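1. Have a look at this fold, sequence not included:
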């Protein structure tokens, strides 16, 4: 008599979870290897999701031919991408120029002043040795050497035994440190660091321009292959499209407003590279939680280099943009997002770490919408609902609601 070996429900869940974990590891490897192609393609999908209502409006409402509607939409997208690339290239040139000229000179002056102050502190007068100290030092010398006897002049009182004099060698020389050599090495390191920052900035700008070219090609094919007259019957696709479009559109508008306000504020303070920091604010605001903090702290080195004699100006450059970030991010954004993408804060943090590890800064920007799309798909299958609920912070057997 044979018995069938059927796994229990608990065992089936464990097996499903293990298989899901192995699938995630395998997909992560594939995503990492193919990031040069997948990153532009994913960005193109999100851009096409945003602009498809424009195509539908031109075709269904204005009764324009589909080819003309797609061409006008593509022209709008390409113009926007071109403006971003040109602004980024201009900003990069400004960063390189400032780093190689003005900031290099200012940091050089600061380093020179710091080492001159160290030399002055090292040459401060120190107490003159007394008879007792000289006698103790004489014990350490060679017995064959004649040590002249030191007798204080008769007219000097005991209270005047400590007389300040300039030492022949300073503390740095006693420790074997040559301040001139150390200053030269520090200046060379500073110049090399500024040059490396400038080169890495240029490389990032070129990579962004190349990625934008591939993104534009993918957007062309995605829009050309879409039929505005066709009714979307796939509920999963429709839900993903609606939620992702709402999230990206709202986030884009709020990021543009935040970047504009921050840029105007920095410009009013007279901060150099205000346009660069405004653009970075727009991009970094797509990174949840961490992005706004980074955008607030980025201008600090430039502010210290430019307003070293005005602490209140430096404080204003940091605090006012930080207040703008906090007001929009914690006050306005939650109200406009409403229900949002139903992701727990811990899930957002883990997704941010995971996608940043795979795709770098672009992965950090795309982490939330990608994770939200994955959750929507998981919730449509019985075997994936447990994982989908976990992404929303709902534990098995619990009824936690996501704000």
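-> Happy to help now that I have it. None of these values were measured; they are calculated from a predicted model. Numbers count the residues shown, from 1 in each chain.
2. Which residue, other than its chain neighbours, is closest to residue 387?
-> Nearest residue to residue 387 in three dimensions, chain neighbours excluded: residue 378, at 5.2 Å (Cβ to Cβ, 6 or more residues apart in numbering). Every residue, glycine included, has its C-beta placed from N, CA and C.
3. Give me the distance between that neighbour and residue 354.
-> Using Cβ to Cβ, to the nearest Å, one gets 16 Å for the distance from residue 378 to residue 354.
4. Kindly report the same for residue 49.
-> Between residue 49 and residue 354 the computed distance is 22 Å (Cβ to Cβ).
5. Next, the contact list for residue 314, please.
-> 300, 303, 304, 307 (Cβ atoms under 8 Å, 6 or more residues apart in numbering).
6. what do you get if the cut-off is 6 Å, keeping everything else the same?
-> Applying Cβ atoms under 6 Å, 6 or more residues apart in numbering to residue 314 gives the contacts 303, 307.
7. same for the helix or strand harbouring residue 84, what does it pack against?
-> Residue 84 is part of helix 66-100 when elements are defined by DSSP states H and E. For helix 66-100, the elements it packs on are helix 35-56, helix 179-224, judged by 3 or more Cβ pairs under 6 Å, 6 or more residues apart in numbering; DSSP states H and E.
8. 7 Å instead?
-> The helices and strands touching helix 66-100, judged by 3 or more Cβ pairs under 7 Å, 6 or more residues apart in numbering; DSSP states H and E, are helix 35-56, helix 179-224, helix 274-284.
9. Please identify the deepest-packed of those.
-> helix 274-284 (a mean of 22; mean count of other Cβ atoms under 10 Å).
10. what comes into contact with whatever helix or strand comes next after that one?
-> Counting by DSSP H and E, the next helix or strand C-terminal to helix 274-284 is helix 290-297. With Cβ atoms under 7 Å, 6 or more residues apart in numbering as the test, helix 290-297 has contacts from 280, 281, 284, 285, 318, 321, 322, 325, 329, 352.
11. Confirm for me that the fourth one is in contact with residue 253.
-> No: in this structure residue 285 lies outside contact range of residue 253 using Cβ atoms under 7 Å: 10.7 Å.
12. Compare the two and say which is more crowded by neighbours.
-> Each of residue 285 and residue 253 has its neighbours counted (other Cβ atoms under 10 Å); residue 285 has more, 26 against 11.
13. contacting residues around the more buried one?
-> Shown in contact with residue 285 (Cβ under 7 Å, 6+ apart): 255, 258, 291, 292, 295.
14. same check, this time on residue 284
-> 291, 292, 294, 295.
15. Pull out the buried members of the residues you listed.
-> 291, 292, 295 (16 or more other Cβ atoms under 10 Å).
16. With pLDDT and distance to residue 362 as new columns, can those be given to me in JSON lines?
-> Listed next are the buried ones among the contacts of residue 284 as JSON lines, based on pLDDT from 0 to 100; distance: Cβ to Cβ, whole Å:
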{"residue": "291", "pLDDT": "86", "distance to residue 362": "13"}
{"residue": "292", "pLDDT": "88", "distance to residue 362": "18"}
{"residue": "295", "pLDDT": "89", "distance to residue 362": "17"}
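17. What is the nearest of the residues you listed to residue 394?
-> Distance to residue 394, by Cβ to Cβ, is smallest for residue 291 among the buried ones among the contacts of residue 284, at 26.4 Å.
18. With that, I have no additional questions.
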